[in-house]
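Peer 1: using only what follows, build the 3D model:
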Amino acid sequence: MKISVLINCYNYEAYVGDAVRSVGAQSRRPDELIVVDDGSTDESVRVVREAVEEIGIGRVVTKENGGQFSAFQTGIENTDADWVFFLDADDAYESQHLERYVKAIEENPQVEFVTGPLTVFGGGESDGEVKFQCPVSGVLGETSLLTYSACLTRHGNGVMVPTSSLAIKKSLLDRIFPLENEMLESWRVCADFVLESACFVAGAQLYIFDSPSAKYRVHGQNSFFSGEKLTNRYPGGPGRFARAQNWLGSKFSLDDQSLGLLAEEYASLGRPSKELAFCYLVNIFATKFPFSRKYSMARKVLRSSPGIGFFTKAAIFFRALRRV
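Peer 2: Reported below is the predicted structural model:
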């Protein structure tokens, strides 16, 4: 199995060298390292070239500035690896990251993408904290409808994590890319949200680690960790979520009526949990169906959760209802 690490970089001269060196320090070295520089105006390219020479693996691909999604696309066009591991230029891998991911991939051949939580670093008060913990671990079945719904409702599917814990099978990436210019421009930042959503909506199975081996650097300019709403901070506003859902629906043949099967999808997972049940209920209540139908769908979800007690189910139901 050939694996490639793809680093996307824009004006991160202060951090990208650390990212590259963390790849070089892996116990299981990648077969390839590609650093896509997205038109940096600082010394990022020089720093990358020096770091690549230092670790003895890697190449730099430069392009005009087009945003994170376009950097992903350029990197994917430049690799023939079987799996692509993603890493933001301001983050880093722990030394066993590739080894443990490859082991999970080999032991679960049905899986097409892998993710997990990350450890915060960067010299702040939150250093060492584990963030982006998912509600389940191990192999998660198909959650295409939940994710398709979440793109518009923005209530989430409970499993979205930043770029640097992602590894995706190249054959799945080839089903997603290339993207039209409107999507590339709408998601110049936080493109990992749509990339992960596309993996889910494509029907791919995910392997989720319950402990981290990638590190998320907090430095005051993070696109996600700042806590500010994406709709407020970036061009396109709420409309870009609608465009993402329309694109996903068109590409993978889903529409609003497909959401009528949300409860059946939850039942098919065979992985009842309070957190996952809550995510499904929130997205069911956010649909445009009559309330009587939403109520019936919600009851199906809760009936498919035999391990959750009656009073807990009631609490989940009303908490989800208030959330919408």
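Peer 1: any chance you could map the strands in the stretch 201-324 of the chain?
Peer 2: 205-208, 214-217 (DSSP state E, counting those that start in this stretch).
Peer 1: looking at the ones you listed, which is nearest to V120?
Peer 2: strand 214-217 (5.6 Å; CB to CB). Bear in mind the C-beta positions are built from the backbone N, C-alpha and C, glycine included.
Peer 1: paired strands for that closest one, with orientation please.
Peer 2: Using DSSP bridges, the strands paired with strand 214-217 are strand 92-93 (antiparallel), strand 118-121 (parallel).
Peer 1: tabulate those (TSV), appending mean neighbour count.
Peer 2: Shown next, in TSV, are those (neighbours: other CB atoms under 10 Å):
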stretch	mean neighbour count
strand 92-93	24
strand 118-121	20
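Peer 1: how about those in a markdown table, adding mean pLDDT?
Peer 2: What follows is the strands paired with strand 214-217, written out as a markdown table (pLDDT from 0 to 100):
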| stretch | mean pLDDT |
| --- | --- |
| strand 92-93 | 98 |
| strand 118-121 | 96 |
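Peer 1: columns distance to L173 on top of those, output as JSON lines?
Peer 2: Shown next, in JSON lines, are the strands paired with strand 214-217 (distance: least, CB to CB, whole Å):
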{"stretch": "strand 92-93", "distance to L173": "20"}
{"stretch": "strand 118-121", "distance to L173": "21"}
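Peer 1: give me the phi and psi for F86.
Peer 2: phi -100, psi 150 (degrees, to the nearest 10).
Peer 1: was I right about it contacting I168?
Peer 2: Yes: assessed by CB atoms under 8 Å, F86 is found in contact with I168 at 7.3 Å.
Peer 1: looking at the strands of the stretch 201-324 of the chain, which is closest to T79?
Peer 2: strand 214-217 (19.5 Å).
Peer 1: tell me, how many residues neighbour P272?
Peer 2: Counted by other CB atoms under 10 Å, the residues lying close to P272 total 17.
Peer 1: repeat for S44
Peer 2: Neighbours of S44 (other CB under 10 Å): 25.
Peer 1: and V189, how far from A92?
Peer 2: 20 Å (CB to CB, to the nearest Å).
Peer 1: actually, V324.
Peer 2: Applying CB to CB to V324 and A92 gives a distance of 38 Å.
Peer 1: again with L259
Peer 2: To A92, L259 is 39 Å away according to CB to CB.
Peer 1: find the residue at the geometric middle of the protein.
Peer 2: The chain has E196 as the residue nearest its centroid, 3.9 Å off, counting by CA atoms, centre = their mean.
Peer 1: secondary structure class for the residue lying closest to it once chain neighbours are set aside?
Peer 2: Counting by CB to CB, 6 or more residues apart in numbering, E196 lies nearest to M160, which is 5.6 Å off, once chain neighbours are set aside. With DSSP: H, G, I helix; E, B strand; the rest coil as the basis, M160 sits in coil.
Peer 1: can you show me the helices along the stretch 101-250 of the chain?
Peer 2: Along the stretch 101-250 of the chain, the segments classed as helices by DSSP state H, counting those that start in this stretch run 144-153, 170-176, 181-186, 191-201, 230-233, 239-252.
Peer 1: quick one: those helices as CSV, columns for distance to N8 too.
Peer 2: Below are those laid out as CSV (distance: least, CB to CB, whole Å):
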stretch, distance to N8
helix 144-153, 22
helix 170-176, 14
helix 181-186, 13
helix 191-201, 9
helix 230-233, 18
helix 239-252, 19
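Peer 1: among the ones you listed, which comes closest to P290?
Peer 2: helix 144-153 (16.5 Å).
Peer 1: average pLDDT for the closest one?
Peer 2: Across helix 144-153, pLDDT averages out at 82.
Peer 1: what of stretch 104-115?
Peer 2: 97.
Peer 1: pull out the buried positions in it.
Peer 2: Across stretch 104-115, burial judged by 16 or more other CB atoms under 10 Å covers A104, I105, V111, E112, F113, V114, T115.
Peer 1: dig out what the last one forms beta bridges with.
Peer 2: Translated: T115. The partner residues for T115, given DSSP bridges, come to I208.
Peer 1: and if you look at the third one?
Peer 2: With DSSP bridges applied, the residues forming beta bridges to V111 are Q205.
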